[in-house]
Each structure stands twice: as structure tokens, then as C-alpha cells.
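Undergrad: What follows is a protein structure lacking sequence information:
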């Protein structure tokens, strides 16, 4: 059973400094970032300490690669970015792996979203390409949400006509996505992954694409085992990633299924849970 947040720092299953960790992978929203989307100040000295110890740190997010690269611009050298929920993995500007969607699937998803809008659902599609994200909606409320996760985005007349490799389609629903938009995508679940990645977001990807698949590929390439891997997550798009690490942590307040699947529970994203846990397990102190 997972540890409780209060017992985490003294849990007998988490002896300080005893783990041979070589790779730390963390989700961003709801996990590393606080609820105001801020990176904890202590991350930067922690990253320097991890680099000194030869531990690779990797953000794994539904966010776009360009967004992650900008957030970590000062420390990006050698860092692996698992972007777009694992569909696009990049290191030092070089693609390590990707899993593009077929054009007809993208077109079908776009038509489905247009149909939902016509039926009165307040939803919009973000067509996630390797070079940019593409949207048809132009209202500021929707674009404000897009800008949080996709610094490279373009407004186009027809998202199905873009000249880019599309690796994911993300849908933002101003209502509860798990109860409205996700059920409307049921027809796609037989052939693709339909993942609720946040309260208002649903992502559609190839069946072979997820953060866990990307992480396992990275582990194989680097010769790092699950026993040497520490992972943090909070939502349903993190499940497969948690399965790929012996040191798997759900954040306090995470989705119940995430808490069930993780081996341990970390303090919440608003309580500096990722850094506190790394400091405890690796014996770095300070966080």
C-alpha cells in the first residue's frame, strides 16, 4: 500500500540515500508544478546536484516539446524531454522517438469536435504537430488555455490541412472532460488511446503511445532499469509511466487510480512533494 503524505519522510520503505537511482522522471502539471503552474525554486539546485551525481532528470508531460524546452532552457543540455504524453521524445534538439497519427484519424477527430461544438459543447481541438500546435477556435478564453501548454501554436482555417506530422490531438473542454468530451470519443477507443489527462483535457494518441512506452524505450537506450528509475505523477496519463519504475510515486491528491497503481505516495505538488521525495530517497537534503 502507498505511504501516506504524513509518513512519507519517515516511512521504513524509503530509507534515506540507499537507492541507486539513475533516472528521475516527473509529470509537470499537478505534480512538479504547483497549482499556480510555478516551478519550485528549489528545483534548480536540485538539478545541479542530480547532474553531479550522474542522475538524468526528465520532464514527462502532455505539454508540447517547445514549451518544455523553454521552461528548462537554462539547464536543457543533455536533458531528455518526454513531450506530448510520450508521443515525442527529444534530447538536445534531436528526436529520439515519435508516434505520429494517421491523417484520416486526425480528420475524423476534427469532425467529431466540430460536431460537439455544433451540439453546444464548449470544447476545442488542439492538433499537436512536431513543429507547432494548430487550432481553429479564435476566442481568447480558449487561446488562453492553449498558451499554457503550447507556446508554439497557430490559428488556422482548417486543422486537417496543416503540413506537419501530427503526434497527438488534445481536446480542451471547459466543462468536466471525463463526463462530457471523453464519452463522445468512445468510437476511437477501439483503435486509439483516449486518455483523460486533466480535469478539462482529453488526449487521443496511437495505441502504442504513452509516457510509459516512451520511458521504457529511454530505459533500454540508456541501460537503466526500473529499479534505478523514480517516477512522479498525478493523473490518468501517468499510469503506464508509473508501471515502468520501481520507485513510483503518486502525488497526494492524485486521481484515485493513480494512487492505487503507484507504489508510494508523495506530498502534494503544493507541498514541494517531488523535491522533498528526491531529497529523501537520494539523501541530498535541503528540500
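TA: Yes, it's here. None of the values given here were measured: they were computed from a predicted structure.

Undergrad: from the chain's centre, how far out does the worst-scoring helix or strand of the chain on mean pLDDT sit?
TA: Among the helical and strand segments of the chain, the one scoring lowest on mean pLDDT, DSSP states H and E is strand 193-196, with a mean of 90. Centroid separation for strand 193-196 versus its chain: 13 Å, with C-alpha atoms, centre = their mean, to the nearest Å.

Undergrad: From residue 199, how far out is residue 235?
TA: 9 Å (C-beta to C-beta, to the nearest Å). In this view, the C-beta of every residue, glycine as well, is placed from N, C-alpha and C.

Undergrad: now swap in residue 135 and tell me
TA: For residue 135 relative to residue 199 (C-beta to C-beta), the value is 20 Å.

Undergrad: what are the ranges of the helices in this structure?
TA: With DSSP state H as the criterion, the chain has helices at 43-52, 65-71, 103-118, 140-149, 181-184, 211-222, 239-243, 256-261, 273-282.

Undergrad: out of those, which comes closest to residue 29?
TA: Closest to residue 29 of the helices of the chain, according to C-beta to C-beta: helix 140-149, at 8.1 Å.

Undergrad: Who are the packing partners of the closest one?
TA: strand 123-129, strand 133-135, strand 153-155, strand 166-173 (3 or more C-beta pairs under 8 Å, 6 or more residues apart in numbering; DSSP states H and E).

Undergrad: Mind checking which residue lies nearest the centre of this structure?
TA: residue 61 (2.1 Å; C-alpha atoms, centre = their mean).

Undergrad: How about the contacts made by it?
TA: By C-beta atoms under 8 Å, 6 or more residues apart in numbering, the contact set of residue 61 is 27-29, 68, 82-83, 85.

Undergrad: same deal with residue 49?
TA: Counting by C-beta under 8 Å, 6+ apart, residue 49 makes contact with residue 284.

Undergrad: Quickly note the distance from it to residue 284.
TA: 5 Å.

Undergrad: What of residue 162?
TA: In terms of C-beta to C-beta, residue 162 sits 44 Å off from residue 284.

Undergrad: One more: residue 164?
TA: Residue 164 is 41 Å from residue 284, where distance means C-beta to C-beta.

Undergrad: Between the two, which has more neighbouring residues?
TA: Legend: neighbour count by other C-beta atoms under 10 Å for residue 164 and residue 284, higher for residue 284 (19 against 15).

Undergrad: ok, now which ones touch the more buried one?
TA: So residue 284 contacts 46, 49, 278 (C-beta under 8 Å, 6+ apart).

Undergrad: ok, the closest residue to residue 91 other than its chain neighbours - how many residues close by?
TA: Spatial nearest neighbour of residue 91, excluding adjacent residues (C-beta to C-beta, 6 or more residues apart in numbering): residue 80 at 4.7 Å. Residue 80: 23 surrounding residues under other C-beta under 10 Å.
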